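**Q** Here is my input, please return the structure:
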Amino acid sequence: MSYLELLWGFLKVGFFAFGGAYGAIPLIRDVILSYGWLSDDELTYMIAVSESTPGPIMVNLATYVGSSKAGLPGALLATLAVVLPSFFIILLVMAVLKNAVKNKYVQAVLQGLKPCMIGIVLATGIYMILHNCAVDAAPDLKSIAVTAILFLVFYGSRVALKKKISPILLIVISAAVGIIVF
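**A** As a prediction, the model looks like this:
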């Protein structure tokens, strides 16, 4: 693998990933699988690890892939490649469009992007659940049990406590359930 492939692959992710990390997962998956840097299973596990570690998922994934494929220089290059586009885009937006956010057309575009991002995040979540609960078309009962338990904890806490469960607590519970079941 060349440094140029690593740079180009993560520049694409950095330039075209909209809607936050969860909205970017399909693009990240496409880039990583097209270059053959990780298998689909490895990528799914890495997404789970990146979610539960501090920092943005895209940066964590880029750093991991860069490090595993090209050592420290690869980690630095991939991380910079995924971060620099958004840094420059934000600078450009702030300089050029400072007052544009008050424009009704810009507001309409931003409001139109929200349902798209919700759909992308939902589709990614459903894909990950289906992919992990049905390994090679055979249902994985342990994965289904963990998914059901987490679903019950998440929605049960809303009903019983009348408030959402903390994402940190949900991560801790999912880790504990995963350790117990697997």
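**Q** confidence score at Trp135?
**A** For the record, residue 135 is Val, not Trp. If you check Val135, the pLDDT there is 66.
**Q** Who are the packing partners of the top helix by length along the chain?
**A** Counting residues, the longest helix found in the chain (DSSP state H) is helix 57-96. When contacts are defined as 3 or more Cβ pairs under 8 Å, 6 or more residues apart in numbering; DSSP states H and E, helix 57-96 packs onto helix 3-16, helix 20-35, helix 40-52. Every residue, glycine included, has its C-beta placed from N, CA and C.
**Q** With distance to Lys163 added, can I get those in CSV?
**A** Formatted as CSV, the helices and strands packed on helix 57-96 follow (distance: least, Cβ to Cβ, whole Å):
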stretch, distance to Lys163
helix 3-16, 35
helix 20-35, 22
helix 40-52, 22
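**Q** now those in TSV, with distance to Met117, mean neighbour count and mean pLDDT?
**A** Formatted as TSV, the helices and strands packed on helix 57-96 follow (distance: least, Cβ to Cβ, whole Å; neighbours: other Cβ atoms under 10 Å; pLDDT from 0 to 100):
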stretch	distance to Met117	mean neighbour count	mean pLDDT
helix 3-16	13	18	91
helix 20-35	5	18	85
helix 40-52	17	16	85
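**Q** Surely Ile25 touches Thr124?
**A** Yes - taking contacts as Cβ atoms under 8 Å, Ile25 lies within contact range of Thr124: 4.7 Å.
**Q** picking that back up, which one of the helices and strands packed on helix 57-96 lies closest to Ser166?
**A** helix 40-52 (13.4 Å; Cβ to Cβ).
**Q** circling back to that earlier point, just the buried positions in the next helix or strand after the longest helix of the chain, please.
**A** Per DSSP states H and E, the first helix or strand lying C-terminal to helix 57-96 is helix 104-133. By neighbour count with 16 or more other Cβ atoms under 10 Å, helix 104-133 contains the buried residues 120-121, 124, 128, 132-133.
**Q** before we move on, the earlier item: in the longest helix of the chain, what counts as buried?
**A** Result for helix 57-96 [16+ other Cβ under 10 Å]: buried residues 57-67, 69-70, 74-75, 77-83, 85.
**Q** next one: stretch 167-180
**A** In stretch 167-180, counting by 16+ other Cβ under 10 Å, buried: 173-174, 177.
**Q** Appreciated, that's everything.
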